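Asks: Quick check, what structure comes out for this input:
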Amino acid sequence: MMSKLRVESMEDDMKKEPENMVNEPSEVYITKLSDDERLRRDVFRSDMDKLKLFTKMLRTNSMFNKAVVIHK
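Replies: Predicted structure coming up:
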C-alpha cells in the first residue's frame, strides 16, 4: 500500500505543467510591416532561416500546382 506522502507527491506532480511544454502567448498580435521593414527583416535572416523559408515556398508552390479546382 502506498504511503500518504507518496500519493500527495504524485498528485502534485500531476498538477505541474511539463517542463518541455512550449508556453504559447495567450494573445495574438498582428502587425503590418512596411515593405522596407519586411525587406530589412529578410536581409538580416540567418542562412538557415532563408533555406527553410525557401524550401517551404517550394513545397507550397508544388501543392498549389497539384491542386485541382472543381467548379459546380
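
Asks: Which strands or helices does the longest helix along the chain pack on?
Replies: When the chain is parsed with DSSP state H, its longest helix is helix 47-66. Helices and strands touching helix 47-66, by 3 or more Cβ pairs under 8 Å, 6 or more residues apart in numbering; DSSP states H and E: there are none. C-beta coordinates here come from the backbone N, C-alpha and C atoms, glycine included.

Asks: can you pull the buried residues of it?
Replies: Using 16 or more other Cβ atoms under 10 Å as the test for burial, helix 47-66 gives no buried residues.

Asks: can you list contacts of it?
Replies: Helix 47-66 is touched from outside by 42, 45, with contacts defined as Cβ atoms under 8 Å, 6 or more residues apart in numbering.

Asks: Give the rounded mean pLDDT of that helix.
Replies: The average pLDDT for helix 47-66 rounds to 93.

Asks: For it, list the C-alpha coordinates in CSV.
Replies: C-alpha atoms of helix 47-66 as CSV (Å, rounded to 0.1, in the frame of the first residue of the first chain):
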residue,chain,number,x,y,z
ASP,A,47,21.2,31.5,-43.9
MET,A,48,19.4,28.5,-42.3
ASP,A,49,16.2,30.5,-41.9
LYS,A,50,16.4,31.6,-45.5
LEU,A,51,16.9,28.0,-46.6
LYS,A,52,13.9,26.9,-44.5
LEU,A,53,11.7,29.6,-45.9
PHE,A,54,12.8,28.8,-49.5
THR,A,55,12.0,25.1,-49.1
LYS,A,56,8.7,25.9,-47.5
MET,A,57,7.9,28.2,-50.5
LEU,A,58,8.8,25.4,-52.9
ARG,A,59,6.6,22.9,-51.1
THR,A,60,3.6,25.3,-51.0
ASN,A,61,4.0,26.1,-54.7
SER,A,62,4.2,22.4,-55.6
MET,A,63,1.0,21.8,-53.6
PHE,A,64,-0.8,24.6,-55.4
ASN,A,65,0.3,23.3,-58.8
LYS,A,66,-1.1,19.8,-57.9
